[in-house]
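A.B. asks: Take a look and give me a structure for this.
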Amino acid sequence: MSEPSRTTVYFVFWPARRVLKIGVTLAQRWTVFTSNGAELLASKKFDRVGDALDFEEACHDALGAVCRLAFANKAAASSSGLLGGSSAGYLECFAVPGDLMRSELTAFCDLALDLAAAGGA
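C.D. replies: Numbering: from 1, shown residues only. The predicted model follows:
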């Protein structure tokens, strides 16, 4: 029997740019982002890739209800310099309104993680 995947869903935030990214990785990809100003707000490991993708999608849906996408297109993401050369994952980035406090972002992440732990996502 093979080892579980241990896929991780991560939440990174660039406070100076007010951009929040929720992504999935097998290899702690968020270090690329934290090296250029992002802060890791939260992360959760999943044994099954499908569960991680379902959780990520639920988080995107919830955040998308209150935040717009941060980038209009891949070119805009590339010119921002936040995501690295390929700008992969630009559709996972949200523009956080100025009146949404850091503590509210953290509470969102905590709630999402609590729901996942309870089997609700």
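A.B. asks: Can you give me the buried ones in stretch 21-28?
C.D. replies: Applying a neighbour-count criterion of 16 or more other CB atoms under 10 Å, one finds Lys21, Ile22, Gly23, Val24, Thr25 buried in stretch 21-28. Any C-beta I mention is one placed from the backbone N, CA and C, and that applies to glycine too.
A.B. asks: and those residues, which of them are in strands?
C.D. replies: Within the buried residues of stretch 21-28, residues falling in strands by DSSP state E are Lys21, Ile22, Gly23, Val24, Thr25.
A.B. asks: export these to TSV and tack on distance to Val66?
C.D. replies: Shown next, in TSV, are those (distance: CB to CB, whole Å):
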residue	distance to Val66
Lys21	16
Ile22	13
Gly23	19
Val24	21
Thr25	24
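A.B. asks: Centre of the chain to stretch 8-15, how far?
C.D. replies: Its chain's C-alpha centre and that of stretch 8-15 lie 4 Å apart, by CA atoms, centre = their mean, to the nearest Å.
A.B. asks: okay, that stretch in CSV with CA atoms only?
C.D. replies: The C-alpha atoms that make up stretch 8-15 are tabulated as CSV, following Å, rounded to 0.1, in the frame of the first residue of the first chain:
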residue,chain,number,x,y,z
THR,A,8,-1.5,20.7,2.0
VAL,A,9,-3.9,23.5,1.5
TYR,A,10,-2.3,26.8,2.4
PHE,A,11,-3.4,30.4,3.0
VAL,A,12,-0.8,33.1,2.3
PHE,A,13,-1.4,36.9,2.6
TRP,A,14,0.6,39.8,1.2
PRO,A,15,-0.4,42.6,3.7
